[in-house]
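Engineer: curious how this folds, go ahead:
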Amino acid sequence: LNILKSHGFNNILILAGYKSDKIHQYIKSNNDFGLKIKIVTENKPLGTGGAILSAYKYLEKTFLVVYGDTIFDIDLKRFLQFHKRSKKDISLFVHPNDHPHDSDIIEVDDKNNVIALHPYPHKSKKYLKNLVNAALYMIQKESLLKVLEKKIKFSDFFKDLLPKLLQLGTRITAYNSPEYIK
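Structural biologist: Now for the predicted structure:
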């Protein structure tokens, strides 16, 4: 939360499930970290994709998805600027790593447009470049309308929601950076 604040992200939406009461207590005991924080609690596990779709009405026009267990040292302002300049619906933070064989692989064209997603375990026998999903996303809220209108239920963001969005013509780009994320 402090990192997000230092990069100018002041409106925070936390999608909480497991032990959400502890998250509420922690946020309140730290005076909301000086941020505007809303916590939406899942009644049943929805997965990241389902949780984001169920919280659609609370999302900003452009929003950043950060998983709660992610550690990073990334210039989020630069990532946001890249996303805005790309004029795409979704920007995926990607990078090569030392274990692509058990990672979600992103396939891009020569302009970094995402053309295919290869979730782990990889079913494709073709050579896949070492460009992996780092699970950090910049998203235009309206791009989710395509799946909301179809009332399809999604669980995993990368394995379920992103492939469907790509299939429906959502414009997705890859932001390839050597910055640290784990």
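Engineer: distance from the chain centre to the worst-scoring helix or strand of the chain on mean pLDDT, please.
Structural biologist: The weakest-scoring helix or strand in the chain, judged by mean pLDDT, DSSP states H and E, is helix 145-149 (a mean of 89). On the basis of C-alpha atoms, centre = their mean, to the nearest Å, helix 145-149 sits 17 Å off its chain's mean C-alpha point.
Engineer: would you mark the buried spots in the following helix or strand past that helix?
Structural biologist: Moving toward the C-terminus from helix 145-149, the next helix or strand (DSSP states H and E) is helix 162-167. Within helix 162-167, the residues that count as buried by 16 or more other C-beta atoms under 10 Å are L162, P163, L165, L166. C-betas here are computed from N, CA, C, even on glycine.
Engineer: how about the nearest residue to A135, chain neighbours excluded?
Structural biologist: Y67 (5.4 Å; C-beta to C-beta, 6 or more residues apart in numbering).
Engineer: contacts for the longest strand seen in the chain next, please.
Structural biologist: Assignment by DSSP state E gives strand 132-140 as the longest strand of the chain. Outside strand 132-140, the residues within contact range by C-beta atoms under 8 Å, 6 or more residues apart in numbering are 61-67, 70, 72, 74, 79-80, 82-83, 88-97, 100, 103-106, 117, 157-158, 175, 181.
Engineer: quick one: that strand to chain centroid distance?
Structural biologist: Put simply, strand 132-140 sits 4 Å off its chain's centre (C-alpha atoms, centre = their mean).
Engineer: just after whatever helix or strand R78 lives in, pick out the following helix or strand.
Structural biologist: Element membership of R78, judged by DSSP H and E, is helix 76-86. Where DSSP H and E defines the elements, the next helix or strand beyond helix 76-86 is strand 90-95.
Engineer: which strands and helices sit next to that next one?
Structural biologist: If you count contacts as 3 or more C-beta pairs under 8 Å, 6 or more residues apart in numbering; DSSP states H and E, strand 90-95 packs onto helix 76-86, strand 132-140, strand 172-176.
Engineer: what about L64, neighbour count?
Structural biologist: 19 (other C-beta atoms under 10 Å).
Engineer: likewise for D102?
Structural biologist: 10.
Engineer: before we move on, back to that, farthest pair within the buried residues of helix 162-167?
Structural biologist: For those, the farthest-apart pair by C-beta to C-beta is P163 and L165; their separation is 7.3 Å.
Engineer: which helices and strands sit right next to whatever helix or strand K38 lives in?
Structural biologist: Using DSSP H and E, K38 falls within strand 36-41. In terms of contacts (3+ C-beta pairs under 8 Å, 6+ apart), strand 36-41 is packed against strand 11-16, helix 20-29.
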